[in-house]
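Chemist: Just to be clear, the model below is a prediction. Sequence and coordinates:
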Protein chains: 2
Amino acid sequence: MTTPLPKKSVRGSSSGVAIMAVFDLLGRKWNMRIMWELNSSYLSFRGLQERCDGMSPSVLNTRIKQLTEAELVFTTSEGYKLTELGLSLMNTLDPLREWAAEWEEKVAK
Amino acid sequence: MTTPLPKKSVRGSSSGVAIMAVFDLLGRKWNMRIMWELNSSYLSFRGLQERCDGMSPSVLNTRIKQLTEAELVFTTSEGYKLTELGLSLMNTLDPLREWAAEWEEKVAK
DNA sequence: AAAGTATGCTACGTATTTCGTAGCGGACTA
DNA sequence: TAGTCCGCTACGAAATACGTAGCATACTTT
């Protein structure tokens, strides 16, 4: 028979519930991308859509709501922008750009 | 009528195709989490499953394949481990832990 | 004022992804 | 030889993402 596996494990030794929440948020299609695009400039709904390979507006809308609720993004009359928290997140994520370059070089997608 | 929006936009000013590939990879449920867990210790298939809240083995399997193909994870007789590339990715992602703590504090999930 | 255009956003049917469970074939053990 | 563990797969169901049409609002243009 299959080993049942406990439904919810008590969080492992790699403690920190917070980071799990971040994984839930960022580990969702488009969220990182949206923030990445907003990091270089504020954008309108449709502008954001264009930058994100024409992602469907329905999904974009729910993503914006999520990111707004998470206080990473906010709306202005000029368009969507990153909050301070959002900006600081993108800063911590910044080294990823360099890593990506090395990775591409070695793995050659 | 709806504005058609070009199907595939020529990558925006925020250049870098590599980072987009990273977003595709990491912006998928479980991938970050799996690597996170493997960063603290190598794990067997079922061990990994337990750590990841009992995620379904079918998904775990496809994830492992993806990460292996991306050369971030490899298999040993002792279990799954991160490659050098995988380790360096987790290093660049490390500041995220601290950011997550601040974020949680301010937003209070 | 009427018509055109652009905006943010929603509805809704379809396609893709993820989930949950059962269970197979192999290895190792009693 | 039967029991138990393992990595992994099959497959139907649920959740998520997609694509398109189009509404309501606002601002321009004629």
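Modeler: Arrived safely. Values in this document were obtained by computation on a predicted structure and should not be read as measured data.
Chemist: Tell me the residues of chain A that contact DNA strand D?
Modeler: Contacts of chain A with DNA strand D, taken as CB under 7 Å from any atom of the strand, map to A:2, A:3, A:28, A:29, A:30, A:54, A:55, A:56, A:57, A:58, A:59, A:62. (C-beta placed from N, C-alpha, C; glycine too.)
Chemist: Apply 10 Å and report the result again.
Modeler: A:1-3, A:5, A:24, A:27-31, A:33, A:46, A:49, A:52-63, A:66, A:77 (CB under 10 Å from any atom of the strand).
Chemist: What segments of chain A are helices?
Modeler: For chain A, helices defined by DSSP state H occupy the ranges A:17-26, A:31-40, A:45-51, A:57-69, A:84-93, A:95-107.
Chemist: tell me the most buried of those?
Modeler: helix A:31-40 (a mean of 21; mean count of other CB atoms under 10 Å in any protein chain shown).
Chemist: As PDB, could you dump the C-alpha coordinates of that one?
Modeler: C-alpha atoms of helix A:31-40 as PDB (Å, rounded to 0.1, in the frame of the first residue of the first chain):
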ATOM      1  CA  ASN A  31       3.800  37.800 -10.800                       C
ATOM      2  CA  MET A  32       7.600  38.100 -11.000                       C
ATOM      3  CA  ARG A  33       7.400  39.300 -14.600                       C
ATOM      4  CA  ILE A  34       4.800  42.000 -13.800                       C
ATOM      5  CA  MET A  35       7.000  43.400 -11.000                       C
ATOM      6  CA  TRP A  36      10.000  43.200 -13.100                       C
ATOM      7  CA  GLU A  37       8.400  45.300 -15.800                       C
ATOM      8  CA  LEU A  38       7.100  47.800 -13.300                       C
ATOM      9  CA  ASN A  39      10.500  48.100 -11.800                       C
ATOM     10  CA  SER A  40      11.800  49.800 -14.900                       C
END
